[in-house]
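A.B. asks: Build the 3D model from these lines:
(chains A and B)
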Number of protein chains: 2
Amino acid sequence: MRTGDTVTLKDPPSVAQFAAVVGKKESEGPLSGSFDESHTDNTFGEKTWEKAESALQERAVQKLLEKASLSKQAVELIFAGDLENQTTASAYTQRSLDIPYVGLYGACSTMAESLAMAAAFVSTGLAKNAVALTSSHFCAAERQFRFPLEYGGKRTPTSQWTVTGAGACLLLPEGEGPYVKRFTVGRVADLGVSDLNNMGAAMAPAAAKTLAHFFEDTHTAPCDFDRIYTGDLGAVGTRCLRELMRQEYGLELQNHEDCGLLIFDRKTQNVQAGASGCGCGASVLCGHILPALKRGELKRALFIATGALMSPTTVQQGESIPCVAHLVELSHEK
Amino acid sequence: MRTGDTVTLKDPPSVAQFAAVVGKKESEGPLSGSFDESHTDNTFGEKTWEKAESALQERAVQKLLEKASLSKQAVELIFAGDLENQTTASAYTQRSLDIPYVGLYGACSTMAESLAMAAAFVSTGLAKNAVALTSSHFCAAERQFRFPLEYGGKRTPTSQWTVTGAGACLLLPEGEGPYVKRFTVGRVADLGVSDLNNMGAAMAPAAAKTLAHFFEDTHTAPCDFDRIYTGDLGAVGTRCLRELMRQEYGLELQNHEDCGLLIFDRKTQNVQAGASGCGCGASVLCGHILPALKRGELKRALFIATGALMSPTTVQQGESIPCVAHLVELSHEK
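C.D. replies: You can find the predicted model right below:
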């Protein structure tokens, strides 16, 4: 059922399993111990950062299927995406998986996008199960979007540190939960930010827009949820979002947390404004948020992942950065 | 309902409207006169090729909504993608559309991918309507994947000419058709081709794999369809596909045509092995195939768009090219 931009799933599917795999820096942060696998070698034994990111995705899917006692042959559909040009981390991973594959591009919004698509297919019976998969890798992203690491460029205070991590969820029509109750597909927002090193400020208006649509569509308010998680706004974007929600929509986000501020310790880990990358929302969702929902520590939560949809080419051409935010409502109970 | 990799839609949605917008070379080819708009200026009045591609997408959506007498405010969902890094042609177009946006990346398979996703959402009632949108632009693609045009590189005989074109479809739950009856989401295939100038050979195995799955899942054979259209295999890929189908699966594709061989005249238009780009399948589908289905000249057709999922980076790293093909079954009657 659809109200405004929000789809309410008649038969909420279960996020039956989830797995998070991260790299070295992520495993040294505040969520250390939350992830299914933490690797100290960010090359994952590969010769290029791009291959390393595919290896990371493969590890996440393997771990997911292992936890779910499911063979890859039994998976009916996989929705996946990442930040690499032509989303090659996902495409190359598919070579070894051999699962019907829907490629997505939503930049850092991809974990919510893939989860919403997988939930839609499973809840309507178009697939008996589906996997949502998302990753990012610091080294692959840095050289693609900013500078090669060897250049040793100084990072600005508003910049965010791309997470080396992947998250994977298995959706089933039935199960113990947590459940995907609703989702809101975002509309693009662009308030004119053109600074590649200030993604948080660029993405905040997209998060605000989607949240406002969701609350209006569902007649809910922030206080109806135990926690509202954004994907990777970081310190600057978080301030912008709260301010926007207050000023534009008169809503106080008192129960808001940002995955980009949860995964690293900004005081000791030298990550400037926090974390980013689609692997940020993905690994925090699968390592921290979904487990809390499963245990019942959280009853109802919103996960809103935001994506900055520029390319280095468009930024070099002086364009501002269009952003999008997709929202998924997760619940302990069906 | 799902059998194998194929989804049969219980309530086949109607492709209620469709629009194709193309550039100069396309309007001089054999399908001249088939498109809703043909532009002689491939810059579309913009200063960069990337912006020109967004302008092309905007034209396609405007034309589509004009033909459907629908305002953009009434569109519930848009599935879109293109070939640019981070699919920026699609993302930047969304700034002026303000429609809930699901970004896809399937390279040249995107028209079938977006059509399948839109059909899935509309037929299950998750959206009252949805748009599928896909584009490519020769100049944006050449400099991104191969060489900047100014370099004046010699094209190899196996290379294909990226179409400057966009296609857009509007899906509604009811209508006069044509209808989307079934779709098959493809699995990635990679037989080891690593030549950026021979996409056809790289993509043919993916098309064969998806076709074979579809025929097996639905207990049909090529002769059950008036026509089987592939997206953009070109001359080399077409030969490979027919050979593969014959040798691997014992199937004769006697009623097969390739959009990459329909849109240009290889004898006079200097396009080497034919056309490619997601705009190829998109504009031929919306300008040529769907109109023939609507008029009843075709009763039943398959549209299989194939995508080569490499990036210039992965090719430079010596990787082969993973490919995917998505299939949509279209029918004159419900």
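
A.B. asks: Can you report phi and psi for the closest residue in space to A:Ala212 that isn't next to it in sequence?
C.D. replies: Take A:Ala212 and drop its neighbours on the chain: the residue closest to it by CB to CB, 6 or more residues apart in numbering or on different chains is A:Tyr249, 4.9 Å away. Placement of C-beta: from N, CA and C, glycine included. Phi and psi for A:Tyr249, reported as degrees, to the nearest 10, are phi -120, psi 0.

A.B. asks: A:Tyr249 - how many residues pack around it?
C.D. replies: For A:Tyr249, the neighbour count with other CB atoms under 10 Å in any protein chain shown is 15.

A.B. asks: how much space between it and A:Ala207?
C.D. replies: Taking CB to CB, to the nearest Å as the measure, A:Tyr249 falls 12 Å from A:Ala207.

A.B. asks: likewise A:Met111?
C.D. replies: 14 Å.

A.B. asks: A:Gly279 too?
C.D. replies: Relative to A:Ala207, A:Gly279 is positioned 18 Å away (CB to CB).

A.B. asks: between these two, which one's more packed in?
C.D. replies: A:Gly279 (39 against 34).

A.B. asks: Show me the shaky parts of the stretch 51-200 of chain A.
C.D. replies: Nowhere does the stretch 51-200 of chain A drop to pLDDT under 70.

A.B. asks: show me where it has helices.
C.D. replies: Assigned by DSSP state H, counting those that start in this stretch, the stretch 51-200 of chain A shows helices spanning A:88-97, A:110-123, A:138-145, A:199-218.

A.B. asks: Stretch A:48-67 and chain B in contact?
C.D. replies: Yes - if you take CB under 8 Å from any CB of the partner chain as the test, stretch A:48-67 does meet chain B, through A:48, A:50-51.

A.B. asks: and that stretch, C-alpha only, in PDB?
C.D. replies: C-alpha atoms of stretch A:48-67 as PDB (Å, rounded to 0.1, in the frame of the first residue of the first chain):
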ATOM      1  CA  THR A  48      44.300  -3.800  -6.400                       C
ATOM      2  CA  TRP A  49      41.900  -1.800  -4.100                       C
ATOM      3  CA  GLU A  50      39.100  -2.500  -6.500                       C
ATOM      4  CA  LYS A  51      39.600  -6.300  -6.200                       C
ATOM      5  CA  ALA A  52      40.000  -5.900  -2.500                       C
ATOM      6  CA  GLU A  53      36.500  -4.300  -2.400                       C
ATOM      7  CA  SER A  54      35.100  -7.300  -4.400                       C
ATOM      8  CA  ALA A  55      36.800  -9.700  -1.900                       C
ATOM      9  CA  LEU A  56      35.100  -7.700   0.900                       C
ATOM     10  CA  GLN A  57      31.700  -8.100  -0.700                       C
ATOM     11  CA  GLU A  58      32.300 -11.800  -1.200                       C
ATOM     12  CA  ARG A  59      33.300 -12.300   2.400                       C
ATOM     13  CA  ALA A  60      30.000 -10.500   3.500                       C
ATOM     14  CA  VAL A  61      27.900 -12.700   1.300                       C
ATOM     15  CA  GLN A  62      29.700 -15.900   2.400                       C
ATOM     16  CA  LYS A  63      29.300 -15.000   6.000                       C
ATOM     17  CA  LEU A  64      25.600 -14.100   5.500                       C
ATOM     18  CA  LEU A  65      24.800 -17.400   3.800                       C
ATOM     19  CA  GLU A  66      26.800 -19.300   6.400                       C
ATOM     20  CA  LYS A  67      24.800 -17.700   9.200                       C
END
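
A.B. asks: buried stuff in that stretch?
C.D. replies: For stretch A:48-67, burial by neighbour count (16 or more other CB atoms under 10 Å in any protein chain shown) applies to A:48-65.

A.B. asks: again, but for stretch A:232-246
C.D. replies: Going by neighbour count (16+ other CB under 10 Å), the buried part of stretch A:232-246 is A:232-238, A:240-242, A:244-245.

A.B. asks: ok, now stretch A:97-110?
C.D. replies: For stretch A:97-110, by 16+ other CB under 10 Å, it's A:97, A:99-110.

A.B. asks: would you turn those residues into CSV with distance to chain B?
C.D. replies: Below are the buried residues of stretch A:97-110 laid out as CSV (distance: CB to the nearest CB, whole Å):
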residue, distance to chain B
A:Leu97, 8
A:Ile99, 6
A:Pro100, 4
A:Tyr101, 6
A:Val102, 6
A:Gly103, 4
A:Leu104, 6
A:Tyr105, 4
A:Gly106, 5
A:Ala107, 7
A:Cys108, 11
A:Ser109, 8
A:Thr110, 9
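
A.B. asks: returning to what we had before: out of the helices of the stretch 51-200 of chain A, which one sits most buried?
C.D. replies: Among the helices of the stretch 51-200 of chain A, helix A:110-123 has the highest mean neighbour count (mean count of other CB atoms under 10 Å in any protein chain shown), at a mean of 30.

A.B. asks: Show me how far it is from its chain's centre.
C.D. replies: Helix A:110-123 has its C-alpha centroid displaced from the chain centroid by 12 Å (CA atoms, centre = their mean, to the nearest Å).

A.B. asks: now do stretch A:28-41
C.D. replies: Centroid separation for stretch A:28-41 versus its chain: 17 Å, with CA atoms, centre = their mean.

A.B. asks: ditto for stretch A:90-104
C.D. replies: Worked out by CA atoms, centre = their mean, stretch A:90-104 lies 18 Å from the chain centre.

A.B. asks: on that earlier part again, in strands, which of the buried residues of stretch A:97-110 fall?
C.D. replies: A:101-103 (DSSP state E).

A.B. asks: Just the closest of those residues to A:Ile228, please.
C.D. replies: Nearest to A:Ile228 out of those is A:Val102 (CB to CB; 27.4 Å).

A.B. asks: What residues does the closest residue to the closest one other than its chain neighbours make contact with?
C.D. replies: Closest residue to A:Val102 apart from its sequence neighbours, by CB to CB, 6+ apart: A:Phe79 at 4.9 Å. For A:Phe79, the contacting residues are A:102, A:104, A:113-114, A:117-118, A:130-133, by CB atoms under 8 Å, 6 or more residues apart in numbering or on different chains.
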